[in-house]
Every structure is written in C-alpha cells, then in structure tokens.
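Student: Mind looking at a prediction? Sequence and model below.
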Amino acid sequence: MDRIIKKNPNQPEFHQAVLEVFESILPFVVKNKKYAKRTLLEIMSEPERTIGFRISWQNDEGNIEVNKGYRVQMSSSIGPYKGGLRFHPSVNLSILKFLAFEQIFKNSLTSLPLGAGKGGSDFDPKGKSDNEIRRFCQNFMTELYRHIGDSTDIPAGDIGVGAREIGYLFGQYKKITNQFNGVLTGKTYGWGGSLIRPEATGYGCVYFTQHLLKDRNEDLEGQKIGISGSGNVAQYAAEKAIELGGIVQTLSDSKGVVYAENGLKQEHIEFTKILKNEKRGRIKELADHFDGIKYFESEKPWRFPLSIALPSATQNELNLGEVNSLVSNGLKYVVEGANMPTTPDAISFLHANNVAYGPGKASNAGGVATSGLEMSQNALKLHWSSQEVDQKLQGIMTNIHAQCKEFGSESGSINYAKGANIAGFVRVADAMLDQGLA
C-alpha cells in the first residue's frame, strides 16, 4: 500500500478501494502457495492503460468550452475492458481508478468474459440543452473512438450517461468508423439494446438482498427499506422491492430526501422516472405532487428507522455516525446499489454489530451482467425476451451470492465482502497466471 500510495498520490478514493480489497484477501493469498509469492495484487492495482484527452465543444451561446476526458483500461485478463462512462463535475483519475479497480472484481463475479475499465469526463450534464449534450458527446467520442472496440473495450453508461447520451456517442462512433457493432452497451432496444438493461442494476440489487434475507430466514415482505438516490438504480430497486412486498420509504437527490411512512407506490416511482429521466427535476417535486410524502431539505435517508438500507447514490454517502444511528433504530441489512457508498469505518461497525452487509461489487453487478448479456445478443444478432433476460439476471445474482458464501463463510457467519473479494480475485489471478502475466 505504501508503494501504491507513493505511485498514485492524491487519489484517496483509489487508495480506499485498493486497501479494502487487499485487507480482506491478503490472508487468503498468503495461505495459498499458488498466489503467495507473486506480485498479483500490485499488478492488479496498476491500470494496463490510462488515457486522458481534451474535449472542446460549443455551447448554445456559440462559446467554446473545454473539459477533461478519461478512459482507465484496468484489466483485460478475462475479457475486453468493460465499464461505464461517468459525466459529472467530480470526475477525476482517483474516482475513475477506484471504479475501474472495483470493476475487476465485480465483472469477475458475473462469470462472464468481462475485463474491467471505467471512463468519463468532468462535464456536467445538468442544466445543459439537448443540443449541448449532443455536441459534447460527439466531441467526446471523436477522441475516445480510437481506443475502444467490440473486442477491445466496450463502455456503458453511468452517472450522467443514460440512453440519450449512449445514443449520441454511438451515432458518432458509427459515423467515424463506418461500423455498426456492439461497441457500447445501454443502447435503446430498437437498435441493439437489451430488454431489462435499464432495470438491471436496481433489480439485481434487490435479488441479492433477497438472498441475504433468506440466509437469515427472512423475506422482503413488510421490511422498511430506505433507498438513497433517485436515478436509474434507485428507481428500479424501489420498483422491484415494492413488487416483492417491501415498504420503500425514501428516495433522495443532492438537495434532500422524500419520506413516505406508509411506503411509496408504483405510481410514485413512475412519476419519479419522468421527473428525473425526462424533466431533470428535483425529488422535492414528488412530495409537492402527492399527499403522504414529506420532503426534508439537505437531509439523507439515514435519519429514519429502517430495517434495510440500499445506498444507491454515490461513493462514501453512508458514514459511521449514520450507521450507528440506524443500527440503534433496528437496521439489519445494508446492501449497496452504488459503488463503495459505505465508508470503511461504517463497514467495520456493521460487521461488529451483526448487520448483513452486501458490497457493491456483488450486489450492484446486475447492471454490468446485463451489459454482458447485451453484448451476447449483439454478437448473435438477436434479441431475448424480457423474461429470458430477467431469468438470466436472477441466475447470475444467485451465482454471485453463492460465491460470496463459499469464500466468505467464517465462524458460523458470512462475510459477504470478504467472499466477493476473494471469489473475484481467484478468477482474475488464475487467468493472469495462465497467461504469464504474473
């Protein structure tokens, strides 16, 4: 870790992600002669390639604006680089390297042939017109296209990059290369996308939650559930949890949280989809539009008594003080819909207090898993039905849970984070050894 920190200064999110993995898998590595004297961990923490570029684009006033663009190609040991593009002012190399590093283990857990990568820009889509978004995406792809391909690197969406942005990016890639292929996932269904892809991360998170509940002889029926965020993951996690009988009480955005004591209904989720995906509005409007929903400005969901917390917004959003309060109020499960949303000291507290903790690299792998299924459909030049894709997604999440249990069982309990890290490591490490990379 000292060497990694020295080689990657001022990258706290990346250091946090690497340390979390290394601490949990090091005892396993030391015990196994196959891995013990290799430099596997150090190799895994160094990107195979880091690409940076400038994006110049014209705003609606005719002025030229400039943003930074990146693609971190982390690991190709088990397949082509795979991971999302994030457009958000917070994007920097530390954020993208942490996400790409997490992606190694997440993609490995799916058992699909997916390497790991992540990319994006510090461009902020909020407040921009459709034409500004289109011009930015086209200029972003003009720089990125030479580094990606359907057997090289297959980006997808992430925060700030939805179906609209994927469409603009794909159109520019097709124009430059004169190729119509599966170079991007998250496409609209009519031109190569997969059914269930928008829902997959949220649905997968709830399917994984069901397995954790079953391990403790419980189910979702009647459980009080707090969800942070109101984007793609939060919307569909809420939808699936409501369908399965859970009482979803919260959604949030950067301005505040809405709380429904008796639980949100499907009509509230449909309103939120239009509000967030089309109107780009604030979650406060949900409370303004419906009775029985309260809005708390500058607050987060973790102030309310919950039995299940699904942090689904961004990294390090759930801290020690908040989990302390939640546990005092009856919290039993934390299952991550976002990437690394729980701080390290909060995770330690959860383990110490017998709260089941589902790490994002396992519980939110449904999105990239269904991206892999989209790649398969593109390669075969066909479409699977919603039922087929959903069945495959459920099977993948069941398999991920089984891997977490296999490698995470200890003293009569299950450390799902440890299990996810070790299971993800083993598949990638074995491939690296087979290929003479370590």
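Tutor: Happy to help now that I have it.
Student: Identify the residues contacting stretch 127-145?
Tutor: By CB atoms under 8 Å, 6 or more residues apart in numbering, the residues outside stretch 127-145 that reach it are 51, 53-60, 67, 69, 71, 119, 121, 123, 125, 155, 164-165, 168-169, 171-173, 176-177. In short, each C-beta sits where N, CA and C put it, glycine included.
Student: What's the ChimeraX line that selects buried ones from those residues?
Tutor: In ChimeraX syntax, the buried subset of the contacts of stretch 127-145 is picked out as below (16 or more other CB atoms under 10 Å):
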select :51,53,55,57,67,69,71,119,121,123,125,155,164,165,168,169,172,173
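Student: Give me the subset of the contacts of stretch 127-145 that lies in strands.
Tutor: Among these, DSSP state E puts 51, 53-58, 67, 69, 71, 119, 121, 155 in strands.
Student: Output the residues you listed in CSV; the columns should cover distance to residue 364 and pLDDT.
Tutor: Conversion of the ones in strands among the contacts of stretch 127-145 to CSV gives the following (distance: CB to CB, whole Å; pLDDT from 0 to 100):
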residue, distance to residue 364, pLDDT
51, 25, 98
53, 28, 98
54, 31, 98
55, 28, 98
56, 34, 98
57, 31, 98
58, 36, 98
67, 27, 98
69, 24, 98
71, 21, 98
119, 18, 98
121, 22, 98
155, 17, 98
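Student: Check which element follows the least confident helix or strand in the chain by mean pLDDT along the chain.
Tutor: Within the chain, no helix or strand scores below strand 409-410, which has a mean of 90 by mean pLDDT, DSSP states H and E. Downstream of strand 409-410, the first helix or strand assigned by DSSP states H and E is strand 413-414.
Student: what's the burial count for residue 280?
Tutor: As a burial measure, residue 280 scores 11 neighbours (other CB atoms under 10 Å).
Student: Same question for residue 3.
Tutor: 9.
Student: in the strand or helix carrying residue 23, what's buried?
Tutor: Using DSSP H and E, residue 23 sits within helix 12-31. For helix 12-31, the neighbour count (16+ other CB under 10 Å) marks 13-18, 20-22, 24-25, 28-29 as buried.
Student: Can you pick out the most distant pair from these?
Tutor: Maximum pairwise distance among those (CB to CB): 24.3 Å, between 13 and 28.
Student: Of all the residues in stretch 243-258, which ones are buried?
Tutor: 246-253, 256-258.
Student: quick one: it to chain centroid distance?
Tutor: Mean-position distance between stretch 243-258 and its chain equals 18 Å (CA atoms, centre = their mean, to the nearest Å).
Student: repeat for stretch 176-195
Tutor: 21 Å.
Student: related to what we said a few turns ago, residues of the helix or strand following the helix holding residue 23 that come out buried?
Tutor: Once the chain leaves helix 12-31, the next helix or strand it forms, by DSSP H and E, is helix 33-36. By neighbour count on 16+ other CB under 10 Å, the buried set for helix 33-36 is residue 35.
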